[in-house]
Structure formats: structure tokens, C-alpha cells
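**Student:** Mind folding the following:
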Amino acid sequence: MRYFKYELWKNSTEETEARLWNENSHRYYNYFNSIKKFFSNDFINSYLNFKGFHDYKILSIRYADAESVCVELKKNKTKIDIRYEGVKSFSVDFNNCCNELQIGDLPEWGYDEFYKLKDNYFTHSVITSSGIEIEIGFKKISVLIRGNTE
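**Tutor:** Numbers count the residues shown, from 1 in each chain. Below is the predicted model:
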């Protein structure tokens with residue numbers, strides 16, 4: 001994560017961290033607005049309508065096949081499936097995580113950042129409510145919304 005650092009998020013009630021968080025938010029959203037044209041309208045509309053999937057519970061993260069990763073999220077009665085295709089990298093960093101995360105006890109999706117790479121690849125970095133950082137390098141992303149979308 002370049003902009004939405006976990007240390008700033010967890011200390012965002014402090015004046016300096018709150019100021020830095022706001023500055024980084026503006027910088028990132030300016031960058032995101034310059035690259036969102038590379039994603040499908042369907043994905044961008046869902047992403048923006050569901051506020052970047054912020055506070056959605058992560059139900060599962062799985063390799064669907066050799067080059068795709070699927071992430072399943074849920075909040076209230078809405079389920080969201082994010083599918084990454086053309087995956088060339090996938091990592092999970094537990095360095096900021098609490099000491100007592102149990103297997104199967106996945107946190108909430110917090111903040112995320114997209115980056116455009118060379119050769120039409122992108123990186124999606126996510127910081128979770130527990131400090132886990134997820135990073136997926138991919139070529140294409142799609143989303144499926146299921147359930148009540150209130």
C-alpha cells in the first residue's frame with residue numbers, strides 16, 4: 001500500500017496521522033481517476049456504488065484455476081464476487097496483523113489501491129481491518145453482485 005497505510009488508518013484519530021491520511025486519500029483518488037478508464041464500466045460502477053467494498057466481510061479468497069483468483073465478500077444480505085483473471089502474482093502479508101487471527105476468521109475489507117503496470121497488467125492492494133495486506137497482480141477484473149443490494 002502506497003497511500004492507505006495501516007499505521008495511518010489505525011492512528012487516524014491523531015492530528016498528524018489524520019492530516020496525512022486525508023492528503024494521501026486526495027493523492028490516491030486523483031491517481032485512480034486517471035486509470036479507471038482501463039477497467040470495464042460494469043466494474044467501475046459496482047466498485048463506486050458499493051464504496052470500494054469497504055467494510056465487507058471477506059468470506060473466501062481462492063485460486064479458481066492457474067491464472068485466476070476469486071474473492072467473496074458479504075455485507076448484510078449482499079454478496080459480491082470479485083474475479084481476477086490473468087493473475088501473475090498473489091500475496092498476503094500478515095506483518096501488521098493482530099496476534100490472534102484464527103484460520104477461517106477473515107477480516108473486513110478496508111481500503112484498497114489499484115496501480116497500472118506495464119503490458120496491461122494491474123495490481124490491486126487491499127488493507128483489511130486486522131492489518132492483513134492482500135496484493136493481486138492481474139490483467140482483468142470483474143464483479144458479480146448477488147442478493148439484496150440495499
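**Student:** Looks like residue 69 contacts residue 140 (just checking).
**Tutor:** No: look at residue 69 against residue 140 with C-beta atoms under 8 Å: they stay out of range, at 11.5 Å. (Glycine included, C-beta is placed from N, CA and C.)
**Student:** wait, residue 9 sits on residue 112?
**Tutor:** No: using C-beta under 8 Å, residue 9 is not in contact with residue 112, being 12.0 Å away.
**Student:** quick one: which of those two has more around it?
**Tutor:** residue 112 (20 against 17; other C-beta atoms under 10 Å).
**Student:** Please, which helix or strand holds that one?
**Tutor:** Assigned by DSSP states H and E, residue 112 belongs to strand 109-116.
**Student:** got the angle between the next helix-or-strand element following that strand and strand 109-116?
**Tutor:** Of the helices and strands lying after strand 109-116 in sequence (DSSP H and E), the nearest is strand 122-128. Calculated by axes from the mean of the first three to the mean of the last three C-alpha atoms, to 10 degrees, strand 122-128 forms an angle of 160 degrees with strand 109-116.
**Student:** Which positions in strand 122-128 come out as buried?
**Tutor:** Residues 122, 124-128 are the ones in strand 122-128 that count as buried (16 or more other C-beta atoms under 10 Å).
**Student:** for this protein, what's the longest helix?
**Tutor:** helix 15-35 (DSSP state H).
**Student:** So which elements touch that helix?
**Tutor:** Judged by 3 or more C-beta pairs under 8 Å, 6 or more residues apart in numbering; DSSP states H and E, helix 15-35 is in contact with helix 6-10, strand 109-116.
**Student:** Would you mind giving the buried residues of strand 122-128 as CSV with pLDDT added?
**Tutor:** Below are those laid out as CSV (pLDDT from 0 to 100):
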residue, pLDDT
122, 97
124, 97
125, 96
126, 95
127, 92
128, 90
